[in-house]
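Q: need a structure here:
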Amino acid sequence: MISQKTTHNENELENQTKVQAYDFLLLCSLCTSETNLLFETNKLAKNIENLTFAKKNYDSNQQTIEQLNALKLKIKNLNLKVNAKKTLIEQSLKVINKSKVKLNKKIEFYKNLATKCEQEPTSIGSRRILMFQNKLILDNTVELILKKQADLAQELCFVYQIEEKNNEMTICGLRLNLNSRSILESKLPINVLAQENSAAVGHATYFLFWLAVYTNTQLIYKIRPRSSEPLIYSQVAKKFRVFPLYPTKGIERPRFDYGIQLLFADTYQLQMALGKDEFNSNSILANILTILKALGIYN
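A: Numbers count the residues shown, from 1 in each chain. Have a look, this model is predicted:
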């Protein structure tokens, strides 16, 4: 019995010893693992610190690269501007060189001219004499032209005689009355007055047309003399509007009145071209007489 108890105690002691040994080994292992873990943690912290530093360097390098790229772009734009300036300078130099060539030619020309003037004073005098003779010829030509204009206008006066009787002006014996009130107050039939006015306006239109031709005046409102139904044209935006210069009735009457106003404008243009600013806004025949006086036909 006693031996069994002893054996049992020895076993328990042995087991406890083993457990304690195991616990000790486990504790040593844990200490070693903790030491290793601490070492690895420190190592990892150093690695993190290195990575953080490396990241900062990388970010700094990226900023430097971006700055370099921006600088390269600025340099490229600056090169483009410099090239454009170079091209402009080259073009300006070409223009300057051409101007220099022209200027040198002019200088050479004037030098030669000065040499000729110094060497040939007689030639200059003869040229002056020739110029004076040409001026005399031109003045005589102008005088002849004016005389010819007066002669032609005189011939017109023989064909279309303008006279003043009883404060009324007539052309070829026909009265030209454009006042509607005086027409109504007249004792003559309206048809007779209309026919007389139509013929008188036709003669006056012919007269003005040929006066414009003889004086070489381009009328603003072109006249087309056409027997007793002459026309006058007004240009509006490259299109011509036609107005009758013979009495009309009804809705056509305003067009005739407007055509007569254009005819007055033509007479005023002829007067101004000949240096006469006298203008009668009620009588075309009076204005024609003013034109004839400007041509030296009537005093």
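Q: and the host helix or strand of Leu289, which residues are buried?
A: For Leu289, the host element (DSSP states H and E) is helix 284-294. Buried residues in helix 284-294, counted by 16 or more other Cβ atoms under 10 Å: Ile284, Leu285, Ala286, Asn287, Ile288, Leu289, Thr290, Ile291, Leu292, Ala294. From N, CA and C alone the C-beta is placed, and that goes for glycine too.
Q: could you export those as JSON lines, including distance to Lys116?
A: JSON lines is the format used below for the buried residues of helix 284-294 (distance: Cβ to Cβ, whole Å):
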{"residue": "Ile284", "distance to Lys116": "59"}
{"residue": "Leu285", "distance to Lys116": "61"}
{"residue": "Ala286", "distance to Lys116": "59"}
{"residue": "Asn287", "distance to Lys116": "55"}
{"residue": "Ile288", "distance to Lys116": "55"}
{"residue": "Leu289", "distance to Lys116": "56"}
{"residue": "Thr290", "distance to Lys116": "53"}
{"residue": "Ile291", "distance to Lys116": "50"}
{"residue": "Leu292", "distance to Lys116": "52"}
{"residue": "Ala294", "distance to Lys116": "47"}
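Q: where does the prediction get shaky in the stretch 1-150 of the chain?
A: Per-residue confidence for the stretch 1-150 of the chain (pLDDT under 70) gives these ranges: 1-10, 15, 18-19, 117-125, 140, 142-146, 149-150.
Q: can you tell me which residues contact Glu168?
A: Arg175, Asn177 (Cβ atoms under 8 Å, 6 or more residues apart in numbering).
Q: for it, give the beta-bridge partners.
A: For Glu168, the beta-bridge partners are Lys165 (DSSP bridges).
Q: longest helix in the chain, please.
A: If you go by DSSP state H, the chain has its longest helix at helix 2-119.
Q: mind giving me the domain split of the chain?
A: According to automatic domain parsing, the chain comprises the domains 64-119, 141-294.
Q: save these as TSV, and put in distance to Glu34 too.
A: TSV is the format used below for these (distance: least, Cβ to Cβ, whole Å):
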stretch	distance to Glu34
domain 64-119	44
domain 141-294	107
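Q: out of the ones you listed, which gets nearest to Leu44?
A: The closest of these to Leu44 is domain 64-119. By Cβ to Cβ, the value is 29.7 Å.
Q: hang on, the earlier thing: identify the residues contacting the helix holding Leu289?
A: Outside helix 284-294, the residues that reach it (Cβ under 8 Å, 6+ apart) are 153, 157, 162, 169-171, 176, 178, 204, 207-208, 211, 260, 263-264, 267-268, 270-271, 274-276, 278-280, 298-299.
Q: dump the C-alpha coordinates for it into CSV.
A: What follows is helix 284-294, C-alpha atoms only, in CSV (Å, rounded to 0.1, in the frame of the first residue of the first chain):
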residue,chain,number,x,y,z
ILE,A,284,-38.9,126.3,-115.8
LEU,A,285,-38.7,128.8,-118.7
ALA,A,286,-37.3,131.5,-116.4
ASN,A,287,-34.6,129.1,-115.3
ILE,A,288,-33.8,128.3,-118.9
LEU,A,289,-33.3,132.0,-119.6
THR,A,290,-30.9,132.2,-116.7
ILE,A,291,-28.9,129.3,-118.2
LEU,A,292,-28.9,131.1,-121.6
LYS,A,293,-27.7,134.3,-119.9
ALA,A,294,-24.8,132.3,-118.3
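Q: does Phe264 touch Asn282 like I think?
A: No. At 9.3 Å, Phe264 does not count as touching Asn282 under the criterion of Cβ atoms under 8 Å.
Q: neighbour count: those two, which is higher?
A: Between Phe264 and Asn282, counting by other Cβ atoms under 10 Å, Phe264 is the more crowded of the two (19 against 9).
Q: contacts for the helix or strand where the more buried one lies, please.
A: If you go by DSSP H and E, Phe264 is part of helix 253-273. For helix 253-273, contacts defined as Cβ under 8 Å, 6+ apart pick out 178, 201, 204-205, 208, 211-212, 215, 217, 219-221, 223, 231-232, 234, 243-248, 277-279, 281, 284, 287-288, 290-291, 294.
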